[in-house]
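>>> output the structure for:
(one chain, ligands or ions: 1)
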Amino acid sequence: MPSSVTTTTTTTTATTSVVVNHFTKSSQILATGRRGEDEEAKDLSDECKELLLSLPKEKGWRTPYLYKFQGFWCQPKEIQAIISFQNHFQAKDSDVILASIPKSGTTWLKALTFAIVNRKSFPIVSNKNHPLLASNPHDLVSFFEYKLYENNQIPDLSNFPEPRVFATHIPFASLNMQESVQKSNAKVIYICRNPFDTFMSSWHFVSKLRPESLPTFSLEEAFRMYCDGIIGFGPFWEHMLGYWDESLKRPDKVLFLKYEDLKEDIVSNLKNLASFLGVPFSVEEETGGVIQEIAKLCSFEEMKKLEVNKTGRSIKNFENKYLFRRGEGGDWVNYFSSSMVKQLSQIMDQNLGGSGLSFKLHLS
Ligand SMILES: Nc1ncnc2c1ncn2[C@@H]1O[C@H](COP(=O)(O)OS(=O)(=O)O)[C@@H](OP(=O)(O)O)[C@H]1O
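From the prediction side, this is the model:
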């Protein structure tokens, strides 16, 4: 029971008490909302604050507002970082960019790619000192819009060992607005997950991160927003289609992976990933079990039990332990009503139908 509710014996006092409690709670929410907005604006440049005034905005999932910027919904700090990235990043032909909409398997893809491209420097088999045993994948592969370009900083990335591996949640159109990315031969790997599970994973994640002072974020409200396209970096269908179309046009430069496929057949997907990256597995590696060892090192079960993934924060505000929840496909069946199934299926048909992009909703 909230501390401001007093147990009373008379109806009048009880009513007053509830009203007072409601008022206190509402004021707290308002105050928290305002604090959230102040917090949100704290590190923004005047230019960015000015820009925000001209953008459409909607209530956010865990922050006061999401703004529609370059056609997708995102937070103010992300907008500032994306502008800085677009203005300053210098791509190299050997760069690898991992892209995803949040909660689609980003952490997994970061681990797998890091293990593959660095396997000469950090052998996989019987290596008790592999960096993935001591560091969260987000510390080994950074996002453009968080660590690297946040707060208007311009990082010096010229001395990063090649191939440099970066990550982003930015949709393809905005990534491609970055002139050097567009002109370079940098490779892009996109990981996608069926929208039913991605939605559930996002809702669970945000529910854990939401300040306790805010009311709980109901599944129904989150679902309405998701179906309207209002989620970080959404609408999800546009995000997926941007990378999907590009992977069809330039398959040598954009590889499109699906979470469910990786779950079902990790070995073939790792072979494909290594070949795409230009570092295919040798016969000796294949017979020596290197592929299986990478799969094991990066598996949900192994990663979740590492101390580094149970503690600390690799991305500001996110506790590492929340990045590893169930790591399965099909959990949505435990939450979706039949009308939710119908609605999301219709949205997928309307927006993805005819594109050739489809999903497995259940894993065998
Ligand atoms: N190694 C590995 N293998 C398989 N699945 C994994 C792995 N690591 C994380 N996960 C699951 O991926 C979901 C989190 O998605 P992201 O990593 O994209 O999150 S984030 O955008 O980086 O915050 C989230 O899914 P749910 O469990 O369904 O919520 C994680 O549990």
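>>> from now on I want contacts and neighbour counts done on CA atoms only, so please keep to that.
OK.
>>> Met303 and Lys310 touch, don't they?
No: in this structure, Met303 is not within contact of Lys310 by C-alpha atoms under 8 Å, at 9.2 Å.
>>> distance-wise, check Leu248 relative to Thr168.
Separation of Leu248 from Thr168 (C-alpha to C-alpha, to the nearest Å): 20 Å.
>>> run through the stretch 1-150 of the chain and note the low-pLDDT ranges.
1-38 (pLDDT under 70).
>>> can you show me the strands along it?
Applying DSSP state E, counting those that start in this stretch to the stretch 1-150 of the chain gives strands spanning 57-59, 65-69, 72-74, 96-100.
>>> can the third one be said to contact the ligand?
If I follow you right, that is strand 72-74. No: contact of strand 72-74 with the ligand (C-alpha under 6 Å from any ligand atom) is absent, the minimum separation being 13.5 Å.
>>> direction included, what does that strand pair up with?
strand 65-69 (antiparallel) (DSSP bridges).
>>> what does the protein put close to the ligand?
Residues of the chain lying near the ligand (C-alpha under 6 Å from any ligand atom): 102-108, 201, 298-300, 323-328.
>>> please narrow those to those residing in helices.
Members of those lying in helices (criterion: DSSP state H): 106-108, 201, 300.
>>> which one of those is nearest Leu357?
Using C-alpha to C-alpha, Thr106 comes nearest to Leu357 of those, at 19.1 Å.
>>> so who does the closest residue to that closest one other than its chain neighbours touch?
Nearest residue to Thr106, sequence neighbours excluded (C-alpha to C-alpha, 6 or more residues apart in numbering): Ser100, at 6.2 Å. Counting by C-alpha atoms under 8 Å, 6 or more residues apart in numbering, Ser100 touches 106, 168-170, 190-192.
>>> partner residues bridging Ser100?
Counting by DSSP bridges, the residues bridging with Ser100 are Ile191.
>>> distance check, it against Tyr259.
Distance from Ser100 to Tyr259, by C-alpha to C-alpha: 11 Å.
>>> next, show the common contact partners of those two.
Counting by C-alpha under 8 Å, 6+ apart, the residues touching both Ser100 and Tyr259 are 191-192.
>>> tell me the buried residues in stretch 339-352?
Within stretch 339-352, the residues that count as buried by 16 or more other C-alpha atoms under 10 Å are 340, 344, 348, 352.
>>> same thing with stretch 233-244?
233-241, 243-244.
>>> same question for stretch 71-89.
Buried-residue list, stretch 71-89, by 16+ other C-alpha under 10 Å: 72-86, 88-89.
>>> which of those residues fall in helices?
76-86, 88.
>>> export the contacts of Ser100 as JSON lines, with columns for neighbour count.
Shown next, in JSON lines, are the contacts of Ser100 (neighbours: other C-alpha atoms under 10 Å):
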{"residue": "Thr106", "neighbour count": "24"}
{"residue": "Thr168", "neighbour count": "22"}
{"residue": "His169", "neighbour count": "22"}
{"residue": "Ile170", "neighbour count": "25"}
{"residue": "Tyr190", "neighbour count": "27"}
{"residue": "Ile191", "neighbour count": "24"}
{"residue": "Cys192", "neighbour count": "27"}
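>>> what's the end-to-end length of stretch 175-186?
Taking C-alpha to C-alpha as the criterion, the two ends of stretch 175-186 lie 12 Å apart.
>>> can you pull the contacts of Leu277?
117, 187.
>>> redo that, cut-off 7 Å
Contacts for Leu277 (C-alpha atoms under 7 Å, 6 or more residues apart in numbering) come out as none.
>>> what does the one 3 residues further on give?
With contacts defined as C-alpha under 7 Å, 6+ apart, the neighbours of Pro280 are 271, 274.
>>> any idea which element it lies in?
Pro280 is part of no helix or strand when elements are defined by DSSP states H and E.
>>> and of the ones in helices among the buried residues of stretch 71-89, the nearest to the ligand?
Here the nearest of those to the ligand, counting by C-alpha to the nearest ligand atom, is Glu78; it sits at 13.9 Å.
>>> grab the nearest non-local neighbour of that closest one.
Closest to Glu78 by C-alpha to C-alpha, 6+ apart is Glu145, at 5.8 Å.
>>> again with Asn269
Leu262 (6.1 Å).
>>> the one you found against Leu270, yeah?
No: between Leu262 and Leu270 there is no contact under C-alpha atoms under 7 Å: 8.3 Å.
>>> quick one: the helices in the stretch 101-250 of the chain?
Secondary structure of the stretch 101-250 of the chain (DSSP state H, counting those that start in this stretch): helices at 106-117, 131-134, 137-140, 172-176, 179-183, 195-209, 219-227, 236-249.
>>> and the first one, what does it pack against?
The elements that helix 106-117 packs onto, with contact taken as 3 or more C-alpha pairs under 7 Å, 6 or more residues apart in numbering; DSSP states H and E, are helix 137-140.
>>> can you do 8 Å?
strand 96-100, helix 137-140, helix 266-276, helix 290-297 (3 or more C-alpha pairs under 8 Å, 6 or more residues apart in numbering; DSSP states H and E).
>>> which stretch among the ones you listed comes nearest Ser213?
Ser213 sits nearest to helix 137-140 of all the helices and strands packed on helix 106-117, at 28.5 Å, using C-alpha to C-alpha.
>>> what sits up against stretch 72-84?
Stretch 72-84 is contacted from outside by 40-41, 43-45, 48, 52, 63, 65-69, 144-146, 149-154, 170-171, 230-235, using C-alpha under 8 Å, 6+ apart.
>>> which of those count as buried?
Buried among those (16+ other C-alpha under 10 Å): 40-41, 43-44, 48, 52, 63, 65-69, 144-146, 149-152, 170-171, 230-235.
>>> from the chain's centroid, how far away is stretch 244-259?
Stretch 244-259 has its C-alpha centroid displaced from the chain centroid by 18 Å (C-alpha atoms, centre = their mean, to the nearest Å).
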